[in-house]
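K.L.:
Provide a 3D model corresponding to the input given below.
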Amino acid sequence: MKTGKIGRILAVCIGASLLTGCGGEKQNTYRQAEENLAQGSYQEALTGYETSVSYSYKTVESLRGAGIAKLRLGDYQGAVESFTQALSQNRVKKSIRQDLLAYRATAQLKAGLPDDAMADCQTLASDYSMNADLYFLTGCVALAMDAYDEAASNFEQAYGEKADYDMALQIYEAYQSRGMEADGTRYLEAILKTEPGNAEDYCERGRIYYYMQDYENARNELTKASEKGSVEALSLLGMVCLAQNDTAAARSMYQDYLNAEESRKAEGYNGLALCDIADGDYQSALVNIASGLEAADTDEMQELLFNEIVAYEKQLDFNTAFSKAQEYMKMYPDDQEAKKELEFLQSRIAQENVEEPAPEEGQDTASAEEQTSWEG
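P.N.:
I've put the predicted structure just below:
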């Protein structure tokens, strides 16, 4: 089951104002693509940006947008190609070139091309002033290359430039993805030494304690965040209660979140589905997942779709679960947990086929039409 692990894609987002004097249709197509990208409708955004490229309208920006959409859709090689094409255009502004190089390095890293990603990181370091996000990206690439000292140095630079909750969590997650939680935990411990100032701070502290599996402190911090008006804290409290096997309290928190949250309903439905799965009510889980998918943007869909696979598996519908897992892997090809799930489901289906009873003696094992074909 997936319980709300935060996905973060590094890159500096640069807004580009629309040019005047262009055709209304071209301008509207590009503007709609930008809106779709911002709203998480990545396939629609990609279609719009590709149309803009065919119009030769804001070609660099359109190729950039297409690359970002492909990146979020899991087409990492396609993203690399779009960013490369954008970089090859004439008169690319220096600031946009920096942005494109960072995005391309991110796509190359996800595509399993760390050497290429490091080459772009080195270009960034030589041609631009490094910031926290670029140090972090370089650290992630170095980590993928097993260059642990280089990774540690870049992460320290990133945290030195931006010592906040978000950066501490990003570094922790980078190490966690490599099974090196201890190296990342020291950043969590460091940021917890700072004094919280508002509801968001308490919420982030609760999230950090959750990652550290210190559920009592997580609950205390998140309760304070909730009392100060944080709606997100309710969802995180649901996660903490689930981790403590208190599904009744978790369900109450997720329901409170749904009642308070006006737009991001998917997270609440996913939480209720997790409660259902924990309680063994898999049909209710599928109903909540369906409700969540109706409200989800592209980023939120991943957890819901994965938990849908789990729900079908738990109710022993292996064929449906396997079909759903195949569709999921097309959308999220780098999800290692899903790959293991797909292999498990495949083995269960094969096992069931082997265990099917042989036909009784004297029972027809082929149709008359098949027998005719064999005999003829």
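
K.L.:
Please enumerate the helices of the stretch 51-200 of the chain.
P.N.:
59-73, 76-87, 94-110, 114-127, 132-144, 148-161, 165-176, 181-191, 199-211 (DSSP state H, counting those that start in this stretch).

K.L.:
Kindly reformat these as a markdown table containing mean neighbour count and mean pLDDT.
P.N.:
Where you see a C-beta, it was placed from the backbone N, CA and C, and this is true even at glycine. As requested, the helices of the stretch 51-200 of the chain are exported to a markdown table (neighbours: other C-beta atoms under 10 Å; pLDDT from 0 to 100):
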| stretch | mean neighbour count | mean pLDDT |
| --- | --- | --- |
| helix 59-73 | 24 | 95 |
| helix 76-87 | 21 | 96 |
| helix 94-110 | 22 | 96 |
| helix 114-127 | 17 | 97 |
| helix 132-144 | 24 | 97 |
| helix 148-161 | 18 | 97 |
| helix 165-176 | 22 | 95 |
| helix 181-191 | 17 | 94 |
| helix 199-211 | 22 | 95 |
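
K.L.:
So which of the ones you listed is nearest Leu272?
P.N.:
The closest of these to Leu272 is helix 199-211. By C-beta to C-beta, the value is 18.5 Å.

K.L.:
Show me what the closest one is packed up against.
P.N.:
Where contact means 3 or more C-beta pairs under 8 Å, 6 or more residues apart in numbering; DSSP states H and E, helix 199-211 is packed against helix 165-176, helix 181-191, helix 215-227, helix 232-243.

K.L.:
Any chance of TSV for the ones you listed, columns distance to Phe344?
P.N.:
Output for those, formatted as TSV (distance: least, C-beta to C-beta, whole Å):
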stretch	distance to Phe344
helix 165-176	23
helix 181-191	25
helix 215-227	29
helix 232-243	23
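
K.L.:
closest to Gln85 out of those?
P.N.:
Of all those, the one in closest proximity to Gln85, counting by C-beta to C-beta, is helix 165-176 (28.7 Å).

K.L.:
Identify whichever of the helices of the stretch 51-200 of the chain lies nearest to Thr51.
P.N.:
helix 59-73 (8.4 Å).

K.L.:
Which strands or helices does the closest one pack on?
P.N.:
Short answer (3+ C-beta pairs under 8 Å, 6+ apart): helix 59-73 packs on helix 24-39, helix 42-54, helix 76-87, helix 94-110, helix 298-314.

K.L.:
Please dump those helices into TSV; it should also carry distance to Ser226 for every row.
P.N.:
Formatted as TSV, the helices and strands packed on helix 59-73 follow (distance: least, C-beta to C-beta, whole Å):
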stretch	distance to Ser226
helix 24-39	27
helix 42-54	32
helix 76-87	38
helix 94-110	34
helix 298-314	21
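
K.L.:
closest to Gln351 out of those?
P.N.:
Relative to Gln351, the nearest member of those by C-beta to C-beta is helix 298-314, separated by 13.6 Å.

K.L.:
For the closest one, which helices and strands make contact with it?
P.N.:
Based on contacts counted as 3+ C-beta pairs under 8 Å, 6+ apart, the elements that helix 298-314 packs against are helix 59-73, helix 266-279, helix 282-295, helix 318-331, helix 336-354.

K.L.:
Now distance to Tyr175 too, for those, in JSON lines please.
P.N.:
Formatted as JSON lines, the helices and strands packed on helix 298-314 follow (distance: least, C-beta to C-beta, whole Å):
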{"stretch": "helix 59-73", "distance to Tyr175": "22"}
{"stretch": "helix 266-279", "distance to Tyr175": "25"}
{"stretch": "helix 282-295", "distance to Tyr175": "30"}
{"stretch": "helix 318-331", "distance to Tyr175": "26"}
{"stretch": "helix 336-354", "distance to Tyr175": "16"}
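
K.L.:
Going by mean pLDDT, which of those helices comes out lowest?
P.N.:
Lowest mean pLDDT within these: helix 336-354, a mean of 86.

K.L.:
name the helices or strands packed onto it?
P.N.:
Using 3+ C-beta pairs under 8 Å, 6+ apart, helix 336-354 sits against helix 298-314, helix 318-331.

K.L.:
Pick the most buried one from these.
P.N.:
Among these, the stretch with the highest mean neighbour count (mean count of other C-beta atoms under 10 Å) is helix 298-314, at a mean of 21.

K.L.:
Tell me how far that helix lies from the chain's centre.
P.N.:
Centroid separation for helix 298-314 versus its chain: 12 Å, with C-alpha atoms, centre = their mean, to the nearest Å.

K.L.:
How about stretch 286-294?
P.N.:
Distance, centroid of stretch 286-294 to centroid of chain: 18 Å (C-alpha atoms, centre = their mean).

K.L.:
Pull out the buried residues from it.
P.N.:
The neighbour-count check on stretch 286-294 (16 or more other C-beta atoms under 10 Å) flags Leu286, Val287, Asn288, Ile289, Ser291, Gly292, Leu293 as buried.
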